[in-house]
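> Structure of the sequence below:
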Amino acid sequence: MFLQDNSGGGGPKDLNDAISSAIQYTKELRSAIFEFDSAAKSVTADVFGQGAKASQEMQKTISQSVKDLTALGVSATEVGVQMAAIGSIMQRNVTLTNKQLTDFIAIQKATNLTAEEMATLVEGFDSIGVGPTQAAEQIESARKRAASLGLNTGQFLKTVGDNVKLINSYNFRNGVEGFTNMVARSQALRINMADVTSLAGKLLDPSEAINLAAEFQMLGGAVGALADPFQLMNMAQNDIDGLQESIVNAASAAVSFNSETGDFAISATEMRRLRAQANALGMDYEELANTAVKSAQRQEALSQLDILGGYDDETKEMLANIGQFDGGELKFTFQREDEDGKKFTELVSATDLTKDQIKELRERSETANMSALDVAKEQLTVLEVIQKTLEEPARRVSAEIAGSAKYGKIEETTLSAATEISKVIGSVINEKNMIKVFGTVDTIFKEGVEGFTSVFEHFATSGVDGIGDAFYGAAVNAYAKIAKADLSADLTNARSRARNALANVSGLGGSNSGSGSGSGVVPSAIIPVNVAKVTNTDPMKVEVVRGTFDDLNVNHTGTIQLQGGGMSLQSLQTDPTALSNLTQMIQQEMARQGTTY
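From the prediction side, this is the model:
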């Protein structure tokens with residue numbers, strides 16, 4: 001099954017989280033390099049059914065895309081997920097270039113599409129004979145078109161992807177451009193494209209076109225081309241975008257605007273006419289009525305904007321889409337600040353807009369003139385920018401190595417290390433030693449029950465306070481007995497052999513940079529313990545010491561130091577036997593490390 005991308009995560013929660021994430025990525029650089037191998041094989045093996053050679057080439061492609069997208073912090077897994085989604089929906093082993101992958105993922109990020117939704121777009125354009133490179137260009141052009149009109153770009157591209165195959169079934173004025181215009185009108189006016197395409201299919205039959213034209217002639221009103229059978233047939237065959245426009249114009253003629261109250265309304269007479277139109281067109285009346293009102297609002301907005309003058313139709317369309325009607329006037333919101341520095345929102349009528357305010361409104365739709373990659377960058381939060389910036393060097397290096405001949409050396413040394421470690425583990429985990437451990441299970445369970453019995457005795461005398469410490473102390477007592485199942489010498493020797501083995505593996509030798517007395521990449525075994533400080537000679541009185549630890553380090557002065565964070569450290573229960581066991585465990589560990597006490 002193809003790996004799932006879990007890189008989203010909602011972004012860093014605070015500055016410390018952003019910095020910690022970047023540091024963690026750098027520390028796990030070797031794992032990040034192997035991620036490219038996993039992503040490539042998840043595409044070539046799970047989706048394409050190909051072997052090692054294809055995987056190596058795919059890994060190089062993915063690494064180059066990751067380098068191109070380092071500013072967004074895109075991972076190898078994300079690139080692999082996008083490639084797999086496209087390959088799956090196209091049902092053939094189409095290998096994309098790193099440039100094509102980079103373009104698709106940039107658009108995906110800028111419009112908040114999923115990998116599957118982006119794949120639907122690519123497959124849709126492929127179905128109409130448009131290859132990946134041209135598809136990326138046309139999808140980007142459609143995104144900019146939607147942005148320039150003040151439309152939701154993500155929803156716009158989803159609709160394009162779901163309907164682009166209509167180009168094979170119907171002719172649109174100016175091809176793809178006419179199709180995207182139809183999608184834009186559908187989204188702005190909330191008209192169902194399926195209704196229009198279904199009608200167009202019927203109108204290809206001359207008798208259907210004649211009957212529909214006759215119905216609209218009888219209904220009367222401003223029905224325009226819908227009353228002409230020859231125009232209906234021509235639009236159905238060559239201009240489905242124009243057919244949609246004619247339906248919208250005929251419907252909007254039923255709506256009246258009251259400039260005094262600012263209301264858009266449909267009279268009772270026009271409601272009957274509009275209901276008849278909907279029945280003739282095979283459309284839902286309520287949807288057609290809503291489209292009619294939206295279209296009337298748009299026409300009134302454009303009418304009020306005409307007063308401004310000096311602006312092209314695209315700018316007016318954008319303003320009409322982002323404005324709102326208030327008291328019959330088209331208005332726009334602006335964030336302002338009073339004399340005291342208090343912020344407030346101001347509504348300004350279209351007729352009162354200044355040049356600076358129009359410029360500000362244009363800048364809100366500046367994504368129409370920006371690349372998808374730049375838009376995606378600007379959508380990152382400040383914390384995400386910090387995180388991605390700090391991670392960028394490590395991400396770039398991991399991508400460089402994964403796509404070069406150096407990757408083979410890292411793979412070889414790591415596999416050699418795994419082989420040596422496997423031998424060492426096998427020398428300890430064998431039948432003889434396991435029988436020793438499992439042979440003590442009955443005794444451990446018996447003593448564990450006795451330990452937990454003391455927990456309830458403690459509860460009876462002390463109440464809820466300290467109950468967690470008591471449970472933990474009993475569990476540690478049982479664990480200590482397992483750890484002492486005559487495997488101490490074997491484990492000590494295993495650690496030594498593992499270090500020696502790894503020291504001989506090229507590229508992995510040397511001392512461990514972490515804390516503790518061990519060297520190499522295999523850390524000393526850590527036995528979880530609880531620590532308590534005896535405050536007087538009475539062994540039953542214990543002062544609790546609380547803290548957290550990752551490693552237990554013993555220095556040569558005999559002092560126990562606890563470093564790191566992670567696991568919660570509770571106190572030992574006031575049990576002389578448990579405290580005695582702890583002392584023995586520490587002494588044994590010190591003996592293994594060669595430390596005197």
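> which is the next helix or strand following the helix or strand where residue 248 lies?
Here residue 248, judged by DSSP states H and E, is contained in helix 240-252. Note on helix 240-252: by DSSP H and E, the next helix or strand toward the C-terminus is strand 255-258.
> got a list of contacts for that following strand?
For strand 255-258, the external contacting residues (Cβ atoms under 8 Å, 6 or more residues apart in numbering) are 263-267, 270, 292-293, 295-296, 300, 328. Yep, even glycine has a C-beta here, placed from its N, CA and C like the rest.
> what do you get for stretch 303-315?
Stretch 303-315 has contacts (Cβ under 8 Å, 6+ apart) with 148-149, 316, 319-320, 329-330, 350-351, 353, 358, 362.
> Only the C-alpha atoms, please, for that stretch, written as CSV.
The C-alpha trace of stretch 303-315 is given here as CSV (Å, rounded to 0.1, in the frame of the first residue of the first chain):
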residue,chain,number,x,y,z
SER,A,303,-23.8,49.4,-13.6
GLN,A,304,-22.6,51.2,-10.4
LEU,A,305,-19.0,50.6,-11.3
ASP,A,306,-19.5,52.1,-14.7
ILE,A,307,-19.7,55.5,-13.0
LEU,A,308,-16.0,55.1,-12.0
GLY,A,309,-14.8,54.9,-15.6
GLY,A,310,-11.3,54.3,-16.8
TYR,A,311,-11.2,50.6,-15.6
ASP,A,312,-11.1,47.5,-17.8
ASP,A,313,-13.8,44.9,-17.7
GLU,A,314,-11.7,42.4,-15.7
THR,A,315,-11.2,44.9,-12.9
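> Now that stretch: buried residues?
Buried residues in stretch 303-315, counted by 16 or more other Cβ atoms under 10 Å: 304-305, 315.
> Identify, from these, the entry nearest to residue 15.
residue 315 (40.3 Å; Cβ to Cβ).
> picking up where we left off before, adding secondary structure, distance to residue 84 and pLDDT, write the buried residues of stretch 303-315 out as CSV.
Output for the buried residues of stretch 303-315, formatted as CSV (DSSP: H, G, I helix; E, B strand; the rest coil; distance: Cβ to Cβ, whole Å; pLDDT from 0 to 100):
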residue, secondary structure, distance to residue 84, pLDDT
304, helix, 50, 84
305, helix, 46, 84
315, helix, 41, 79
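> remind me which residues of the protein are low pLDDT?
Along the chain, segments meeting pLDDT under 70 span 1-10, 25-27, 309-310, 365-368, 424-425, 428-597.
> got a list of what the residue lying closest to residue 243 once chain neighbours are set aside touches?
Closest residue to residue 243 apart from its sequence neighbours, by Cβ to Cβ, 6 or more residues apart in numbering: residue 235 at 4.0 Å. Counting by Cβ under 8 Å, 6+ apart, residue 235 touches 200, 203, 225, 242-243, 246.
> Could you identify which of the residues you listed has the most neighbours?
Neighbour counts for the contacts of residue 235 (other Cβ atoms under 10 Å) peak at residue 243, which has 25 neighbours.
> In contact with residue 215, which residues are there?
With contact taken as Cβ under 8 Å, 6+ apart, residue 215 is in contact with 276, 280.
> where's it, which helix or strand?
Per DSSP H and E: helix 206-219 holds residue 215.
> For that helix, list every residue counted as buried.
In terms of neighbour count (16+ other Cβ under 10 Å), helix 206-219 has its buried residues at 208-209, 212-213, 215-216, 219.
> Next: stretch 266-274.
Neighbour counts over stretch 266-274 (16+ other Cβ under 10 Å) mark 266, 270, 273-274 as buried.
> Just the residues contacting it, thanks.
With contacts defined as Cβ under 8 Å, 6+ apart, stretch 266-274 is touched by 219-221, 251, 254-256, 285, 288-289, 292-293.
> Would you show me how to pick out the buried ones of those in ChimeraX?
Selecting only the buried entries of these in ChimeraX, with 16+ other Cβ under 10 Å as the criterion:
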select :219,221,251,254,255,288,289,292,293
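> Name the nearest of the contacts of stretch 266-274 relative to residue 39.
For the contacts of stretch 266-274, the nearest to residue 39 is residue 288 (48.5 Å; Cβ to Cβ).
> Next up, the contacts around that closest one.
Going by Cβ under 8 Å, 6+ apart, residue 288 touches 251, 274, 277-278, 281.
> now swap in residue 294 and tell me
188-190.
> do you know how far it is from residue 189?
5 Å (Cβ to Cβ, to the nearest Å).
> Ok, residue 113 next?
Distance of residue 113 to residue 189, computed by Cβ to Cβ: 23 Å.
> These two - which one has more neighbours?
Comparing residue 113 with residue 189 by neighbour count (other Cβ under 10 Å), the higher total belongs to residue 113, at 22 against 19.
> Assumed that one was part of a helix.
No: read with DSSP: H, G, I helix; E, B strand; the rest coil, residue 113 is coil and lies in no helix.
> Touching, it and residue 155? I think so.
No: if you go by Cβ atoms under 8 Å, residue 113 and residue 155 don't touch, sitting 9.9 Å apart.
> Give me the contact list for stretch 17-26.
Residues from elsewhere that reach stretch 17-26, judged by Cβ under 8 Å, 6+ apart: 12, 32, 383-384, 386-387, 390-391, 393-395.
> Can I get these in CSV including secondary structure?
Formatted as CSV, these follow (three-state DSSP):
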residue, secondary structure
12, coil
32, helix
383, helix
384, helix
386, helix
387, helix
390, helix
391, helix
393, helix
394, helix
395, helix
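> Looking at neighbours, which among these is most surrounded?
Each of the contacts of stretch 17-26 was scored by neighbours using other Cβ under 10 Å; the highest score is residue 395's, at 25 neighbours.
> Excluding covalently adjacent residues, which one is nearest to that one?
The spatially closest residue to residue 395, leaving aside those adjacent along the chain, is residue 70, at 5.0 Å (Cβ to Cβ, 6+ apart).
> give the contact list for the one you found.
Taking Cβ under 8 Å, 6+ apart, we find residue 70 in contact with 388, 392, 395-396, 399.
> how about these, which pair is most distant?
The distance between the two most remote of these (Cβ to Cβ) is 13.9 Å, for 388 and 399.
> Which of the contacts of residue 294 fall within helices?
Among the contacts of residue 294, the ones falling in helices (DSSP state H) are 188-189.
> Nearest to residue 405 among the contacts of residue 294?
Once Cβ to Cβ is applied, the member of these that ends up nearest residue 405 is residue 188, at 53.6 Å.
> If you tally nearby residues, what's the number for the nearest residue to that closest one once chain neighbours are set aside?
Spatial nearest neighbour of residue 188, chain neighbours left out: residue 321 (5.9 Å); criterion: Cβ to Cβ, 6+ apart. Neighbour count of residue 321, defined by other Cβ under 10 Å: 18.
> Please export the alpha-carbon coordinates of stretch 20-31; CSV is fine.
C-alpha atoms of stretch 20-31 as CSV (Å, rounded to 0.1, in the frame of the first residue of the first chain):
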residue,chain,number,x,y,z
SER,A,20,12.7,22.2,17.7
SER,A,21,11.2,20.7,14.5
ALA,A,22,14.1,22.1,12.5
ILE,A,23,16.7,20.8,14.9
GLN,A,24,15.0,17.4,14.9
TYR,A,25,15.0,17.2,11.1
THR,A,26,18.8,18.0,11.0
LYS,A,27,19.5,15.4,13.7
GLU,A,28,17.6,12.8,11.7
LEU,A,29,19.4,13.6,8.4
ARG,A,30,20.2,10.0,7.6
SER,A,31,16.5,9.0,7.9
